[in-house]
Every structure is written in structure tokens, then in C-alpha cells.
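Enquirer: sharing a sequence plus its predicted fold:
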Amino acid sequence: MNLPTLESINLLAVLPVLIVFGWTLVLLVIDLFIPSGRKYWTAWLGILGLLGAAVALAVRFIDARGAAVTAFDGMLTVDGFSLFLQAIFILTAVIGILLALDFLPRHKIERGEYYILLLFTTGGMMIMSMAADLIVVFLALELLSIPLYILTGFARPRADSEEAAMKYFLLGAFASGFLVFGIALTYGGTGTTSLVGVFNQLAEGEPSRDLALVGMALILVGFGFKVAAVPFHMWTPDVYQGAPTPVTAFMSVGAKAGGFAALMRILIVAMPAVGEAWGMLVAILAMLTMILGNVVAIAQRNIKRMLAYSSIAHAGYILVAVSAAQRPEDAPLAVSAAIFYLLTYAFTNLGAFGVVLAVEREDGSGNLLEDFAGLGRSKPVLAAIMTLFMLSLTGMPVSAGLVGKFFVFQAAINASVGNPWILAAAIVGIVTSVISAFYYIRIILIMYMQEGEPQVVLKPALTVALALTALATLILGIIPAPVFQLAKDALLTLVG
Amino acid sequence: MDSLFALIPLIIVFPFSGVVIGVFFGRRLMPHKDSIGPGLVASILAGASFVIAVLMFIALQGHPEGVEVPLATWMNITAGDRVLDIPWTFKIDTLSSVMMLVVAGVGTLIHIYAIGYMQGDIDEQIAKRGFEGDEAFDFKRRRYSKFFTFFNLFLGSMLVLVTANNYLMMFVGWELVGLCSYLLIGFWFDDPVKGVYNSESGKKAFIVNRIGDFGMLIAIMLIFWTFGTVQFDDVFARAECMQAESQEACLTVSAGEAVHEEAEGEHGEAARPYLTPVALGKIGTVTLGVVVTIITLCLLLGATGKSAQIPLFVWLPDAMAGPTPVSALIHAATMVTAGIYMITRSNVLYAMAPISGTAVAIVGAATALVAGTIAVAQFDIKRVLAYSTISQLGFMIAAVGLGGYVAGIFHLATHAFFKALLFLSAGSVIHGMEHGHHHAAHHGHGGDDPDFDPQDMRYMGGLKDKMPITTWVYIIGSLALAGIPPLAGFWSKDEILLDASLNNQLVYVLLSISAFFTAFYMGRQVFMVFFGRARTEAADHAVESKPMMTTPLIILAALSVLGGLLNLPGLHSLAHWLEHSVAHAHTAEFNISIAAISTLLGLIAIGLSWLLYGRKPVEAGQADPLRSTGPVFTFLNRKWYWDELYDTVFIKPYVWLGEFLAVTIDWKFWHDFVHDRIIGDAFRGWGAILSQPIDQGVVDGAVNGIAQLVDGSSQELRKTQTGYVRNYALAVALGVVLVLGFLAFRFLM
Amino acid sequence: MIPLHWFLLVAAGMFCLGLFGVLIRRNVVAILMSIELMLNAVNLNLVAFWRYLAPEHINGQMFAVFVFAVAAAEVSVGLALIISIYRNRDDVNAGDLNLLKW
């Protein structure tokens, strides 16, 4: 066995994630010296670290010019795909911190650990997007998940937050049991844990393809849980409702993107040889997910729960794109559609939760749909922004959501030649988009048509976050081409 | 191909567009309560269909061999080594042309008649329910447009049936007309007094017809397995080919290349078809003759259902529960002739199976006789006509069974004229009686008899002076039905009797006796209804119907007089017309002694009825003169106890079996014992969690509309989110099972 | 030598046992133990695969080590949550975690 060299470790390539982790460890110490009541210092310092990582990322992006390299002796792959997703994670983390900045003190749960845990999970997501070995996939997943369990219960001793954390934890551990079992079977089927090795072994049909196939299915289950695909979605509404709202916002975007990052890398890069099998499974899951998510969202009266089901539904749309990537020749377009969709969804959903935060009251109430009544009159700008987010989630024109959906369905229809499952998934997607309009637009109607006195607290940090997300949603909706070009160039590659 | 033929799809498009209009705009076509918009639109569309039928007739003059006009591919399925290729193609030949003309022509007249009739019928219903104002208007609008929607649907379906070029498409039409029949028999399912009877009648018709349809389906499947196709021409070509060659050699033969070695005179040398072996899938191999005999007997079962023959005729008398135009159009003139049409269409197969032919003839003759005797002892004006219809259908069936296809179709056409005439006139009489009843009730003299039934002949009498036009057309129709020369019925019935006398003496005797009864019960009816003195106030105050109703009557009366011209002896115009499409059509030359005997029988019967009912008219409250025959009359009046027989033999055991299965086997054994005791306790927990929301979600959702479906299932699915970690984990585990199961099923095995 | 599939069968049995425990146990601690059982089944698998299929690379063995390291981390978080809940409610019955639903 070769010893690793400096070159094979390639620290420069993974500088962003090193910055995040390193800075977080430093911050853990610094935080000890920040008096409680001034924990916003930790937050701003955290944002500083993330900006540093962003700069490193940008440098790396310019430097690499699309070339893919490996790090840590083939354990990590730094390619366009992972750079794009790392950008999403950093953005999400920044906005997640901004959303929490005045929420935490207002709810009397301001502790520095919040930001540190958030940075840790962000680091886990970043590793997840680069993982080139099944061991790393598992570690990154746990690194992503465990801080999130804690963050979910951060509003302790509020009973709903604790309960949500417990449920998330139990089910998360349960699902990761399946995931790791699947990884073990894949390992058993191919004799290797590296994605390159899995790819090679599967391509040669050696040694036991059936075992790997079952392993693939269980891996799919594990990530299906993480991205909230039906029928592995049941935790989502409860956890989203119970978790503190900034955590919900962060989790609904970050954890989902992280799950998709690893899922796409494993399926598309390492397992194209069994693409027909997983493509069909993913298409079926996608249909179930879109139908159930959109249908059940209608019955919700709590907006966090409704957005949870909406988040389930959106996972379905991305799964359509994943399914469309089952043939190598269709994969590039489908993958770029998926990550572009993740980006638009990140902005829109973070923004929507930002508005929910603004309306939420200190005692944790104010999350019902009725609490939005009268927003159109008392806070016209906020209501307009919320309208934009809702339209974007529906997929209406002049919003990022439409563009994202368009690319996903375009990719799906492109790939559906000779594959009715993808076509069926795309059709279900279009139909359920129509259904989804019902509950998204209901919010708009409630804001403008019903009388009410919403209590809105809008502090500067939240305002910045809302402005940022709204602007991004609008710009991506009007001129999506430059960013989509970036997504197109962000190739998912097999290097090793 | 004559470009006129390209118009054929319109013959179906018109009535079906009427259905669409009726469904979506029907009520808007009726701005006020006396408007006839829906009826008018429906009648115009029916008329348009008739115009198309006429155009087809004209076009056929230049192409008597007929054409097939493809419209669309319906299905194309490879089944084993066979290809099931079923196009929706219109078959236009001389036979279908006759049917189109009769269906669309008579249909149009009855549509026009119904415009007026249904106005009155619905008003009658409104009066029964005591609706007023807007409620009454809304009810009328709803029902009036609904009626014509159904009527157009029927017309279109019947035309699908007769224009089909294959058995399956014909079966589609066959089922559709059955559906319309059901819908229209039970049209007044909500009648305050007779609603239950009406809907029960509809159900009876539907269920009894199912038995026939079962035979039909078996026949179609056998045809496909034997001949590898269900298209008429190909089936017949291959059938003829198989008599000479092996099955394999013929499976690719199609109509165009058929070898017509022996188109004529098949009857004498039917020995050969019994020898060609035919492979029937996994069932085994039998000879062609056996298969064809089974096929044709199954087709006969279908025909006995739709054309109301023994043993399945019991539904037709109860079908009179529908409004009178329905009885006239569906249950006398058109739908019930579908069986005759189908057998005629399959004449090549029947020619190969002489046993089946004889069976058909015997069934027809027996039905003719049984129904004819029952009609003698009925009091309901429409019931008499219903049994008469069954009897006449028996004549036609007997004719086609004996190979007298021309005679059968001839009688079908003339019967359509005069039976439609009789039914519509009967409707007119009923209308008049109801009117008289109201008038009498209004003026407070004797009109409050709670048992009053406007259809009961015992309440009538002396209507000749009140309703002159109706009386005259009724008499014309009756004479035509009785077979008195020179009216239409004489010529067609005579031809059937002639065929029978040449081919099968037994059938001839049976038919002659029923012809005698026919003349007798028609005479009885005419004398009871129109002559003598009014037996009730209602009959005394009856009035003639509106011209909207009488005009079609007059046209039909004219047709009943002149219908014989279709196929006069010596000219045989119908025979020459049909020989292009019915390979085994033949006619016998006019025989004066047969004609004389039948005419004589008819006249004697009418004379007898005059003796009993005309010379000394029945007075109010007086028993029917035939009552003196005692048990015989009761036997006939109770329809040979046919319904009671079925009730005892089939329905009671069936109900008993059903109860046994439901109560003892299913409930006590399976449910109480196996489920609850053995399985239930173990699985109750999971079952409740899983089935309740799904079951409720599915059931609730299906009932409501789509929006409610989504909303409802949303509410229900939401309940799967029970809040228990255990259930969530179970969902994940089930998901794993499903994913792995799917994978195993799809990719590992 | 004991054939590979014996190990796989035992591991699968353990996994199912753990799965069953998660589904039927009410006490959160017991559920947690069941999950651990599932993870240990995986470990058994990993080590068996490593030993029989690819003993020349250390991957499988290392993976098993990682799995129980991660499992330990999970348990620490899980027990912390359990204690927090126990302080609040005096009870760690999963059936009582039923505030959030529908």
C-alpha cells in the first residue's frame, strides 16, 4: 500500500472545507470568551469564516477551469459539481445564520453552539458533495446529520422541539442503518468501497451484481430518507414543525441538497451499469413523492408543516431529474437541471421561511395560515416578497421556480425517449405542480383578502436575508442563463 | 369508391353530437316550460342521420357489393401467434343499408313523436309529485333534455351496431344499446307510485340481457380462436376456406382473395365442415363443424337475449315500463331486431351448422306461439303489444333459422313500421286517457278511482269517436300485423310461412297457429279499445293528440300500407338487393295456397274476436268473455307462469345460494371464524393503522369530484401522519420491502 | 472454514431483529439499542466481506471501525436527548412523543 503524499492529499483543492472546519474549531474556543447576550459575535465570526471559504471556493473555481482532481488519496473528488454544491451550502449557511441572528435571542435560546453546530453540518454537507468513497459518504452523512439532530432540539425545553429532535434522531439513525447496510452489501458485491472501483466492477459485471443491486436499493432508501422522499418522508412534517424555524429553513435546503449530492454521485457516477434499475425506482419514488407531498400539503393549517410537505414535493421534482440521469448520455443535462433546481429552491425556500420567521411570535405561535391574514395591508413589502416566494414555489413566471421546473421537465422529457417511467414521472410532476398552486396561492389570498393584525418583527439581519433571497429568486427567474450555464459546466465526474 | 361513402362516419357523429349537446347544453335549450328545444335538436340530428342513411343507399346503387370505410385503429394486439387487429371500420353493404334506413328512419319519426309526447308525460309526472313553479320547471327541463340525450345515444349506438364490420365492434354497439335500454326503461325510476317497478324492470332487462351477452362473448372469443380474426368478411372467407383446406392454410386468407367455389346450395352438402380439424388454443382440437355449431348456438343465446326469445324473453314485457316512445323505438322497432340482424350477418356460419339453424327456427317458432297465446289474455294495451312484438320477433328468428334471410329482414322492416305505429298510437291512446282522467277528476265526476290505469283496456272503450285519427291508424296497424292483404304485414309474413312450409313443417304449423292468435288478439284489442261504449269517465273525456304526435302516426300508417312494395312476389327487389351481402339469401316463389290459408286464418280470427268483443261490447265491470275458459285464461293471463318458473328455478335458489355464501361461508366461516379468531387478533393492530386511512381516503375520494378528491385524500392521507415514531419507522420498513420487492420482481428474477 | 453466507445470514438475522425491535419497542432507550443492533449487523457484514472478498485492502475493517465510532457519537447525542426529555416528562415512552402529528 502506498503511503499518502502531500500531492495525493491535495489540501489546496479542499481548502474551502478545511477553512470551514478549521475556523469552526477555532470559533468553538473563541465562543467560550464571548459573553452570553453577545453571541451575535459568534454568528458574525461564523459568517466571516464562511465568506473566507467562499473566497477559497471562488479561487479554486477559477483556478481549476472545470478540471477535476482528487484529494485525500482518492477519498474526495473536487469537480465542478462539488464546487457548485459547496457554493449552495455556503450560501445556505450564511442565510441560515442571518435568519437565526435575531430569532434566537427573541426566543431566549441564544447560545453560541448554534452557529458552531450549523458550521459543522455545513462542513459535513461540503464533504458529502465531494465524497468519492462510500466510507466518506457515510461519515459525511453522519457529520451532516448529528449536528442537525441537536439543532432540531435547540429550543429545548420546548416540548415540540424536543420531540422533533427525538423523532428525527431515532428515524435518522434507523435510516442510516439501512444506508450503511446497503453500503456493506455494495462492498460485498464489488469488493471495494471507492466509487471508481464500484463503477469498474459493475461495468465488468463482477463479482456479484445482484448483491450490489440490493445494496444500491438500500442506499437509495437511506438517502430517500435524508431528502424526504415518500415513503421515507414521515419524519419531515413533524421535525420541520417542531424545530426552531431557522433550523427548519436551513435543514429543508441544506440537508436535502446534501442528500441529493451524495445520491447523485453514487448513482450516476458509480452505478450507471444498473441505471435502468435505479432509474425506474427513483422515477416511482419521485411520482409518489410529488403526489403525496402536494396533496397532503393542502390539508395543512400550520405553515411550517405545509412548507414541510412542499419540501417533500420538491424533493420529488429533483428526483425526476435524478431519474432522468439514468443513461450516461442524458446525465449531464439532468444533473445540471437538478443542481440548478436545488439552487432556486434554496433561495426561495429560505426566503419563505424568513417571512414565516418574521410573523412567528415569541411563544412559538403565529405559525398558522390565519396568522398571515392582513399581511398585505400592514406590511405590503413583506407580503409582496412572500407572494414572490409562493409563486416561485408554484413555478409561476418571473420567478426562479419556473425556470428550475422548466429545466427539470426538459431534461426528463429529453431522457424519456424509450423510457415511459420518466415520461410518467414528468407528467405527474406537471399535474401535481398544478395541484400545488392551490395551497401556495391560498397563502397569497389569505394575506391579501382576509382581515387580520399580524405581529411582525423585522430586524436588520432578517431584512438582509429576505432582500438577498427575494432578489436572487427574481433574478434567477428573469435571467437564468448565466447561472444555468455555470450549472451546465459543473460536471459530475469520475476521477480516481 | 364513391365519395359519398366517405360521409358514413357522420351517421354516428350526428346522434353522438346530440348526446354531447344534450349533456352540456340540454337544459339551456329549454328557456321556458313549453319549449321543445332539446327535442327539436335531437330530432334534427336523428333526421340528419337518416339523410346519411339515404345517401348511403343511393351510393350503394352503384356499388352493390358494398364498401368498408376505415375510421381508426381500435386495438392491435399480438396474442400468441395471432394478431388481434380490430379497426373501427364502417361496413356499408346492402344489409347494413337496410338496417340503417329502418333504424334512422323509424328513429327519426319516433323522435318527432316524442317531442310532443314527453311534454305531456313529464307534465303528468310533475302533477303526480305536486311540483310547482321553478321546481317544476327545473324538473321538466332536466328530464326533457335527459330523455332526448338518451334517445340520441340509443340511435348512435344502434348505428354503431349495424355499421360495424367486425363482431367486437358490433358487440360494442350491442352493449351500448343495452345500456340505453336500461336507462330508458327505468326513466321514471323515481315515479312516486311505480318507481320501484320501473327501476326493477330496467334491472331485469339488463340482467337478462347479460346472460345473452355472455353467449355472445363466448362466440366472439371462439371466432377469434378459430379464424384468427373477428372481421365479418375475413371470418366468412376463412370459414369457407377451412371447409376445403386446413386451418393453418386459411388463417391468412382475407375477404378479397376468398375462393368462392361453392357459394350456393350449401345446405345439401354440409358434411365436409365437420372434418377439418381446428386447434382451439389449449382446449384441444375439434372439427370445424363442432366449433361452428357451438359458435352459432352461442350467437343464438345472444340473440335470444336481445331479441327476446325463449328462454330470455321475460324482460321485454316489463320493459314497457319505459315511456311509450321508448317502447316503440327500442323495444319494438330497432334494438330488439339486433339479434335477427346478427344472425343474418352470420349466415355463412349458420349455413355450415344446420343443427344450429334448426335450433334457431324452433326457438323462433315456439316463441311466436307462446307469446301469441299470452297476448290474448292481457289487459294492458302496451303489454299486448309487447307480447305481440315477441311473437313477431319469433317469426323473424324462425325465418332466419330456416335460411329465409330475405323473409326475415323483410318482416323486420315491415314490422318496424307497423309495430312502431301501434306503439305510438297506443301512446296516443294513453295520453288521451290521462287527459280524460284529469278532465273527469277536475269536474268531479267519477275521476277519482284510485286504481285507474290509463293503460288498462278495461277502462277504455268507444274511443273511436274521441280520437278518430288514432283509431284509423291503429286499425291499419292492426290489420298489417294480422297479415291481411294487401298491407305490409301480409307480404312479409306470407314469405316467412312460405319458407317454413318448404323447409320445416313443424315450424310452419307453429307459425300458422301463432298467426291465427295474432289476428285474434289484435281484433280483441281494437274492439275493446275503440268500439263499444266508454267504460269510464276518463275514456268518455279522452281527446285526440296534437299534430306533432299524429303526423308521425300518419306517415307510419302509410308505410305500413305500402311496406309490402319492398319485396313483392315476382319482383323480389329486396332479395336482389340483399343477395350482394347475404351469401345464402334465397326466396321462394309466391304460393297462392299458403297465402290463402294464412289470410283465411287471419280473417277467421278477426271474426271470432268480433263475435266475442265486437258484436256485444264488454261493459264496465263485466268479466272478459274469455274468462269462461277458466284455468286456461288464468294460465295465459299469468304468462304461462314463466316468471314464477324462473323465480322458483333460478332466482330463489340463487338468492338462497347467495345468502348461504354470504352468511354461512363468508360471514360465519371466513369472517367470524377464520378472520376474527385466527388471523384477526394477530393483525388487527397493523390492519387498523394501514387500511383505515387508505380505505377511507380511496372511498371518500372516488365519490366526490376531482377537487374534492384531492382535498379529501389530502385530509385522509394526513391522518397517516399519526405522530408515532413506530409508525414512521414502519413506513420506512415497508418502503424498503417495496423497493426490494420491486427490484426482485423486476431485475433479479 | 465457515462459508461466507453463514455470516451474511447471521448478520441479516441480527439486522431484522434490530428492525423488529425498532418497530415494537416502546422505550426510546430500547429503540436506540435496536438501532445499535442493526449497525452491528452491518459491522459483521463488513468484516465478513472484508475477510472473504478483499483481505488485501483494509477498507472493510476500517469501515467497521468508523461505523462504531459514528454509532458511539450517535448514542451520545441520543442519550442526551433522552435525558432532556426525561427531565421534562419523567418518561421516555416513544408512544408519548405524540405532540406533532397530522
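Expert: That came through, no problem.
Enquirer: quick one: contacts for residue B:249?
Expert: Residue B:249 is in contact with residue B:241, counting by C-beta atoms under 8 Å, 6 or more residues apart in numbering or on different chains. (Glycine included, C-beta is placed from N, CA and C.)
Enquirer: buried set for the helix or strand harbouring residue B:235?
Expert: When secondary structure is defined by DSSP states H and E, residue B:235 falls within helix B:232-244. For helix B:232-244, burial by neighbour count (16 or more other C-beta atoms under 10 Å in any protein chain shown) applies to B:232-243.
Enquirer: repeat that for stretch B:466-474.
Expert: For stretch B:466-474, a neighbour-count test (16+ other C-beta under 10 Å) marks B:466-467, B:469-474 as buried.
Enquirer: neighbours of the residue of chain B found nearest chain C, just the number please.
Expert: Closest to chain C within chain B is residue B:723: 2.9 Å, counting by C-beta to the nearest C-beta. The number of residues packed around residue B:723, counting by other C-beta atoms under 10 Å in any protein chain shown, is 18.
Enquirer: that one contacts residue C:97, doesn't it?
Expert: Yes. Contact criterion C-beta atoms under 8 Å: residue B:723 and residue C:97 qualify, at 7.5 Å.
Enquirer: which residue packs closest to residue A:437, ignoring adjacent ones?
Expert: residue A:394 (4.8 Å; C-beta to C-beta, 6 or more residues apart in numbering or on different chains).
Enquirer: quick one: that neighbour and residue A:400 touch, right?
Expert: No. Between residue A:394 and residue A:400 no contact is recorded; they are 11.6 Å apart, counting by C-beta under 8 Å.
Enquirer: go through the buried residues of stretch B:466-474 and flag which are in strands.
Expert: Among the buried residues of stretch B:466-474, no member falls in strands (criterion: DSSP state E).
Enquirer: take the residues you listed and keep only those in helices.
Expert: Within the buried residues of stretch B:466-474, membership in helices is found for B:466, B:469-474, as judged by DSSP state H.
Enquirer: got a list of what the most centrally placed residue in chain C touches?
Expert: Closest to where the C-alpha atoms of chain C average out (C-alpha atoms, centre = their mean) is residue C:36, at 2.3 Å. With contacts defined as C-beta under 8 Å, 6+ apart, the neighbours of residue C:36 are C:18, C:71, C:75.
Enquirer: for residue A:284, give its distance to chain C.
Expert: Using C-beta to the nearest C-beta, to the nearest Å, residue A:284 is found at 22 Å from chain C.
Enquirer: near chain A, which residues of chain B are found?
Expert: Counting by C-beta under 8 Å from any C-beta of the partner chain, the residues of chain B lying close to chain A are B:710-711, B:713-715, B:717-718, B:720-721, B:723, B:725, B:727-729, B:731-732, B:734-736, B:738-740, B:742-743, B:746-748.
Enquirer: write the PyMOL selection for whichever of these are buried.
Expert: A single PyMOL command suffices to select whichever of the residues of chain B next to chain A are buried according to 16+ other C-beta under 10 Å:
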select buried, chain B and resi 710+711+713+714+715+717+718+720+721+723+725+727+728+729+731+732+735+736+738+739+740+743+747
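Enquirer: quick one, longest helix in chain C?
Expert: Among all segments of chain C classified by DSSP H, the helix with the greatest residue count is helix C:59-89.
Enquirer: near chain A at all, that one?
Expert: Yes. When contact is scored as C-beta under 8 Å from any C-beta, part of helix C:59-89 falls within range of chain A: C:59-60, C:62-63, C:66-67, C:70, C:73-74, C:77-78, C:80-82, C:84-85, C:87-89.
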